[in-house]
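1. can't give you the sequence, but here's the structure:
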């Protein structure tokens, strides 16, 4: 019972923390750290929520959650008799865990299929440019720049974007898209998209997904400005915003008109970095969240 209560308390703390985190103002000053903390909150909440139900369900075995599930699957007789609440908790816990796993796998499979179809489409409507090795040029008059992530990643720009941007601005945009590919931001977004599928009614989940989407754009901006002028990237974003950029294809990561001014402001007038003790504090919190839930799965309190 103590394990179930501890996991329930952790799940509640993660839910409240996520709600408060959606309005945090420091995240734009350290987007990578904020992304890690969001991931830690998501993992801890999922394991704690399902673990609390399963911990109560296997309480008659008087062992930890993981050992109790193994005992249940192997057909061992519990030390105490089952009652209706234990059975309901087992059904609810297994169902919740299965839903989280299924939506995650489904979201991953759908993303892979969308990217495979888009690569096939690009072979028909895009071409290589000798002046931009490794970049596919899309034969479309609208402004678009995005990447197709994966093992065979591609960076794509449209003819409209080539006409819209100067050479330096184009180099900045390509550096931004290359950062998405290099840091595999598609994998960062996947669990949040899956959780949104599982909980479409949750405003906290919707806000978390929206904030992570903005944070990965800011993280890619930070990576890109190592190789280009931040002002050139800012002017490129403004051009895309005023020109009405094409929607990014499903499953891809690209330049769009959302939150342009927030990104431009931090590129032109970057704020002070977080103090080192604060950074270490948030990093320690992330590690604690990620390790506490699995720890409570394997011990009996």
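-> Nice, I can see it. Please read these numbers as outputs of a predicted model, since none were measured by experiment.

2. now do residue 79 against residue 68, distance only.
-> To residue 68, residue 79 is 11 Å away according to CB to CB, to the nearest Å. Heads up, the C-betas are built off the backbone N, CA and C, glycines and all.

3. ok, which stretches of this structure are helices?
-> 2-21, 31-57, 65-73, 84-125, 159-164, 167-183, 185-198, 203-224, 230-243, 260-268, 276-298 (DSSP state H).

4. of all these, which lies closest to residue 148?
-> helix 84-125 (5.5 Å; CB to CB).

5. quick one: that closest one to helix 2-21, angle?
-> Counting by axes from the mean of the first three to the mean of the last three CA atoms, to 10 degrees, helix 84-125 points 40 degrees away from the direction of helix 2-21.

6. let the chain start at 16 from now.
-> Shifting the count to begin at 16 puts that one at helix 99-140.

7. now helix 99-140: how far from the chain's centre is it?
-> 15 Å (CA atoms, centre = their mean, to the nearest Å).

8. for that helix, which helices and strands make contact with it?
-> Applying 3 or more CB pairs under 8 Å, 6 or more residues apart in numbering; DSSP states H and E, we find helix 99-140 packed against helix 46-72, strand 147-153, strand 160-163, strand 169-173, helix 200-213.

9. quick one: contacts of the shortest one?
-> I take that to be strand 160-163. Outside strand 160-163, the residues that touch it by CB atoms under 8 Å, 6 or more residues apart in numbering are 130, 133-134, 137, 168-173, 176, 188-189, 192-193, 195-196, 255, 260, 263-264, 267-270.

10. among those residues, name the buried ones.
-> Among the contacts of strand 160-163, those buried by neighbour count (16 or more other CB atoms under 10 Å) are 130, 133, 137, 168-173, 176, 188-189, 192-193, 195-196, 255, 260, 263-264, 267-270.

11. which helix or strand in the protein has the lowest average pLDDT?
-> strand 268-269 (a mean of 75; mean pLDDT, DSSP states H and E).

12. ok, it: who's next to it in the sheet?
-> strand 160-163 (antiparallel) (DSSP bridges).

13. average pLDDT for the strand it pairs with?
-> The average pLDDT within strand 160-163 is 88.

14. next one: it to chain centre, how far?
-> 17 Å.

15. ok, stretch 36-48 next?
-> Worked out by CA atoms, centre = their mean, stretch 36-48 lies 14 Å from the chain centre.

16. and the contacts of stretch 203-217?
-> 50, 53-54, 57, 61, 114-115, 118-119, 121-123, 126, 220-221, 223-224, 227-228, 231, 268.

17. just the buried members of these?
-> Buried, going by 16+ other CB under 10 Å: 50, 53-54, 57, 61, 115, 118-119, 122-123, 126, 220-221, 223-224, 227-228, 231, 268, out of these.

18. low-scoring pLDDT stretches of this protein, where are they?
-> When residues are selected by pLDDT under 70, those of the chain lie in 258-261, 270-273.

19. find the centremost residue of the chain, please.
-> In the chain, the C-alpha nearest the mean C-alpha coordinate belongs to residue 204, at 2.8 Å (CA atoms, centre = their mean).

20. what's the distance between that residue and residue 264?
-> 14 Å.

21. what's the answer for residue 307, then?
-> Distance from residue 307 to residue 264, counting by CB to CB: 39 Å.

22. could you look over the helices of the chain and pick the most buried one?
-> Compared across the helices of the chain, helix 46-72 shows the largest average neighbour count, a mean of 23 (mean count of other CB atoms under 10 Å).

23. so what's residue 100 closest to, chain neighbours aside?
-> Closest residue in space to residue 100, ignoring its immediate chain neighbours: residue 71 at 7.5 Å, by CB to CB, 6 or more residues apart in numbering.

24. doesn't residue 311 make contact with residue 18?
-> Yes: between residue 18 and residue 311 there is a contact under CB atoms under 8 Å: 5.9 Å.
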